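# The following block contains a protein sequence and its predicted model.
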Amino acid sequence: MKTMTCKTRFAPSPTGYLHLGNVRTALFNALLARREQGSFLLRIEDTDRERSRPEYVAALLEDLRWLGLDWQEGPEIGGPHPPYAQSERAAIYAGYYQRLEERGLVYPCFCSPAELALSRKTQLAAGRPPRYAGTCARLSEAERQARRRRGLQPTLRFRTPPGQLVQFIDLARGPQQFASDDIGDFIIRRADGGPQFFFANAVDDALMGITHLLRGEDHLSNTPRQLLLLEALDLPAPHYGHLALIVGADGGPLSKREGHFSVRELRATGYLPEALLNDLARIGHSYAHDHWMSLAELAEAFTLERLGRAPARYDEAQLLHWQSEAVQCATPERLWAWLESAVAGDVLTTSREAFIAAVRPNIRFPTDAAFWAERLFGAELPLSEESRALVAQTGSEFFAHALAAYVEHGGAYQPLFDDLKRHTGAKGKGLFMPMRAALTGELHGPELARILALMPAELARRRLESAGQ
Ligand code: GLU
């Protein structure tokens, strides 16, 4: 691969919100472009007028930016090959239909969907691969005129050259070949005048100078058609790579039921973009190291040789793991911005930095930060069942000593516990756990030394007092 010429793209259809499957496609293309010091283009494939919606376009631009997958050419920023939405490129496509017409490589097809379905069924029943029977390929000009006069709106079909082998080297799967006879003549323009997906997609990739592209394996069967079209149009073909689809834990397609949500939903839950990126970069691609990486590091070590061919399994536990890693690696400012809306600001009587330093190892989502803010600063302390039991079992004498030690030493961890140890004879867990339970209402959580340093003295005294009652 030549370093300076690599240009990849993401070409989503705005018919829904971005989900893990298509974000992974975007990510791999962005990583490949970065890795090769090339560029990454974004194109909106909105030719399905019924299902495409402007709000989905706006959402996907926002989601991609949130993930840090910036494009160097495309909507909002422009570039040398506008427009970047296919709905605005009809005039461009018209020129290429015409080129094919002039070369006698296309013909109008008047077959109705019902006729096509019937023919398909018959072929399948006879054990043959279904392909267009060629009914309209042989119509005379007079027959075409007669059909037009009857008000029939034709599609435009490409005459697939017979007896050819279409071969290409897939970037992910290696050598591929397809017999053109299995493909048959295919539609490139719909009866309503709109372009068929693979026509617009192939023409745009060529015109926009795309050199490499990775996409889902479900598009593999489109590739030979696209290569035939590009050849017929004298347009350059990109290098195609098809990624094994992501499947759920049960081996089936990702579904919402299993918690495979859209990027928006994951973001609203509190996932950090780096968590999604670290997780997705490893679904269908492997890295030598399993430590957390920045986007630049993920790109640096991204290589086509490490693309997997087996179905890529999604595992929610892995995403949670990367979320924890992302929280541990984020700067305090970023973490504060992330958890701010969940934690009622006025509850914090201390500096944000100290709060974040204390709770960081114990949080995965902003709601966890809110939980600890409540435990550390809330006027009321709900005790967990285990904490209540431990406090009761420890007894009031222990807490009377604890209160006295606290009054004397304040939140200074070492002297406080030395004192308490001397007076009660308790040690290890027997010393620390009752204090943790009384002060935070929980048996696990942030380091006690940090808790003591953070907690307002008045609050700590009250909690020790009530534990001793
Ligand atoms: N618009 C197509 C999709 O979203 C793009 C396929 C491709 O990447 O070529 O599936």
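Yep, that arrived.
# State the number of residues packed around the residue of the stretch 101-250 of the chain found nearest the ligand.
Nearest residue of the stretch 101-250 of the chain to the ligand: residue 215, at 3.5 Å (C-beta to the nearest ligand atom). Where you see a C-beta, it was placed from the backbone N, CA and C, and this is true even at glycine. Residue 215 is flanked by 22 other residues according to other C-beta atoms under 10 Å.
# Is the nearest residue to it once chain neighbours are set aside part of a helix or strand, or is it coil?
In space, and not counting its chain neighbours, residue 215 is closest to residue 25: 5.8 Å by C-beta to C-beta, 6 or more residues apart in numbering. Secondary structure for residue 25, judged by DSSP: H, G, I helix; E, B strand; the rest coil, is helix.
# re earlier: just the pLDDT for the residue of the stretch 101-250 of the chain closest to the ligand.
pLDDT for residue 215: 97.
# Confirm that it sits in a strand.
Yes: judged by three-state DSSP, residue 215 forms part of a strand.
# thought it was touching residue 243?
Yes: with contact defined as C-beta atoms under 8 Å, residue 215 counts as touching residue 243 (6.8 Å).
# joint contacts of the two?
Counting by C-beta atoms under 8 Å, 6 or more residues apart in numbering, the shared contacts of residue 215 and residue 243 are residue 25.
# Listing request: residues of the stretch 251-400 of the chain with sub-threshold pLDDT.
255-260, 345-349 (pLDDT under 70).
# Could I get the full set of strands for it?
Assigned by DSSP state E, counting those that start in this stretch, the stretch 251-400 of the chain shows strands spanning 312-313.
# can you give me the strands in the stretch 51-200 of the chain?
Under DSSP E, counting those that start in this stretch, the stretch 51-200 of the chain gives strands at 106-109, 155-158, 165-170, 174-179, 186-189.
# List the contacts of residue 363.
327, 339, 369, 372.
# switch the cut-off to 10 Å
With contact taken as C-beta atoms under 10 Å, 6 or more residues apart in numbering, residue 363 is in contact with 270, 324, 327-328, 335, 338-339, 342, 356, 369-372, 446.
# Filter those down to just the ones in helices.
Those of the contacts of residue 363 mapping onto helices are 324, 327-328, 335, 338-339, 356, 369-372, per DSSP state H.
# Neighbour-wise, give me the winner out of those residues.
residue 327 (27 neighbours).
# how far away is that residue from residue 188?
49 Å (C-beta to C-beta, to the nearest Å).
# Could you give the bridge partners of residue 307?
Per DSSP bridges, the residues bridged to residue 307 are residue 285.
# for it, what are its contacts?
28, 170-173, 214, 241-244, 284-286.
# Tell me the residues of this structure that contact the ligand?
By C-beta under 6 Å from any ligand atom, the residues of the chain that approach the ligand are 11-13, 45, 201, 215, 219.
# same thing but at 8 Å, please
Within the chain, the residues that sit near the ligand (C-beta under 8 Å from any ligand atom) are 9-13, 22, 25, 45, 197, 201, 205, 213, 215-216, 218-219, 222.
# Quick check: helices, which of those are part of them?
Reading helices off the residues of the chain next to the ligand with DSSP H, I get 22, 25, 197, 201, 205, 222.
# Make CSV out of these and add pLDDT, neighbour count and distance to residue 408.
Putting those into CSV (pLDDT from 0 to 100; neighbours: other C-beta atoms under 10 Å; distance: C-beta to C-beta, whole Å) gives the following:
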residue, pLDDT, neighbour count, distance to residue 408
22, 92, 22, 62
25, 97, 22, 63
197, 94, 19, 76
201, 98, 23, 75
205, 98, 24, 75
222, 97, 18, 77
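# what's the farthest-apart pair in those?
Farthest-apart pair in these is 22 and 205; separation 17.0 Å (C-beta to C-beta).
# Output stretch 111-129 as PDB, restricted to C-alpha atoms.
Provided in PDB are the C-alpha atoms of stretch 111-129 (Å, rounded to 0.1, in the frame of the first residue of the first chain):
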ATOM      1  CA  CYS A 111     -40.800  -6.500 -15.700                       C
ATOM      2  CA  SER A 112     -43.000  -5.900 -12.700                       C
ATOM      3  CA  PRO A 113     -41.900  -6.900  -9.100                       C
ATOM      4  CA  ALA A 114     -44.500  -9.700  -9.200                       C
ATOM      5  CA  GLU A 115     -43.100 -11.100 -12.500                       C
ATOM      6  CA  LEU A 116     -39.600 -11.000 -11.100                       C
ATOM      7  CA  ALA A 117     -40.600 -12.700  -7.900                       C
ATOM      8  CA  LEU A 118     -42.300 -15.500  -9.800                       C
ATOM      9  CA  SER A 119     -39.200 -16.100 -12.000                       C
ATOM     10  CA  ARG A 120     -37.000 -16.100  -8.900                       C
ATOM     11  CA  LYS A 121     -39.200 -18.700  -7.300                       C
ATOM     12  CA  THR A 122     -39.200 -20.900 -10.300                       C
ATOM     13  CA  GLN A 123     -35.400 -20.800 -10.600                       C
ATOM     14  CA  LEU A 124     -34.900 -21.600  -6.900                       C
ATOM     15  CA  ALA A 125     -37.400 -24.500  -7.200                       C
ATOM     16  CA  ALA A 126     -35.300 -25.900 -10.000                       C
ATOM     17  CA  GLY A 127     -32.200 -25.600  -7.900                       C
ATOM     18  CA  ARG A 128     -30.600 -22.800 -10.000                       C
ATOM     19  CA  PRO A 129     -29.200 -19.500  -8.600                       C
END
